[in-house]
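> Next input, structure requested:
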Amino acid sequence: MKLKTKAGLLVALFAAAMAGAPSAFADGKARELNVHAKKYQQYFAEASAEFNVPVELLEAIAYAETRWRHHVPKGHARKNGEPDVEVDPHGGMPPNYGIMGLRNDSHFGTSLVQAAGLIREQPATLLSNTRANIRGAAALLAFHGARKTRAFPLEDWEQAVALYSGIPQPEIAQLYTYEVFTAIRQGREGGDYKIRQRHVEMEKIYGRDKLKKLAAPRITVETGVPDPKISVPDFQSK
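Residues are numbered from 1 along each chain as shown. Down below sits the predicted model:
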């Protein structure tokens, strides 16, 4: 089904991003990362140091966007042996690119082009090269962080993560940031990804009432309006 409104696109974005997120270390067993995920882990650490952004945010954004799978345009599968996912620009939902889910469309912005410019590379390089994609995303996150560094509390980076998402509606962008910070707070681990677990003061970021809504089992997103809102059936503030 093609989605024709920005509200519809946002609903689809979060239905896809938030569905089926695994629980943190559900069986209590550590999992061995595959060789590609270990390489990506090294790239995250290098980009974190180069651009002075928290490595946990890079890992969690890549998890929220792609589950650490490099997205390439349809018909442009890479030949370097790394796993990738072909995305179709004509499938209704604007695609995201690379392991960091960078974008180049009229709905969620041109983060691919911005990121490439910040590291003085061509956008095509960020499409084909995982390391460059991560470097560009780290540079973009640092730009949105407005002089914040790794020394700042993670909670102070929420606005930068929201801007990175490209979602113009603040309330909807919080769904995105909530997934990113929840992945860090709980930890996520599988053969393809590992998000290091770190304490996050979620109430400090969102406030008590908003946090209860974001953590609800079922959230409704308004559709058919230019500025969609989220609501929780039967939610009562205490």
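> List the residues that contact the residue most central in space within the chain.
For the chain, the residue nearest the mean C-alpha position is residue 61 (3.2 Å; Cα atoms, centre = their mean). By Cβ atoms under 8 Å, 6 or more residues apart in numbering, residue 61 lies in contact with 100, 101, 137, 141, 161, 164, 180. Backbone N, C-alpha and C define where each C-beta goes, glycine included.
> and after the lowest-mean-pLDDT helix or strand in the chain, which helix or strand comes next?
Lowest mean confidence among the helices and strands of the chain (mean pLDDT, DSSP states H and E): helix 6-18, at a mean of 47. Using DSSP states H and E, the helix or strand that follows helix 6-18 towards the C-terminus is helix 35-51.
> Give me the buried positions along that following helix.
36, 37, 40, 41, 43, 44, 47, 48, 51 (16 or more other Cβ atoms under 10 Å).
> cool, stretch 217-235 as well?
Judged by neighbour count (16+ other Cβ under 10 Å), stretch 217-235 contains these buried residues: 219, 221, 222, 228, 230.
> got the CA coordinates for that stretch in CSV?
Taking Å, rounded to 0.1, in the frame of the first residue of the first chain, the C-alpha atoms of stretch 217-235 are listed here in CSV:
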residue,chain,number,x,y,z
PRO,A,217,2.1,-0.9,25.3
ARG,A,218,0.0,0.8,22.7
ILE,A,219,0.4,4.3,21.2
THR,A,220,-2.0,5.9,18.7
VAL,A,221,-0.5,8.3,16.1
GLU,A,222,-2.9,10.8,14.6
THR,A,223,-3.2,10.6,10.8
GLY,A,224,-4.4,12.9,8.0
VAL,A,225,-3.1,16.1,9.7
PRO,A,226,0.0,18.1,9.0
ASP,A,227,1.1,18.0,12.7
PRO,A,228,0.3,14.5,14.0
LYS,A,229,0.2,13.9,17.7
ILE,A,230,0.5,10.7,19.8
SER,A,231,-2.0,9.6,22.3
VAL,A,232,-2.4,6.6,24.7
PRO,A,233,-5.9,5.1,25.1
ASP,A,234,-7.1,5.3,28.8
PHE,A,235,-4.0,7.1,29.9
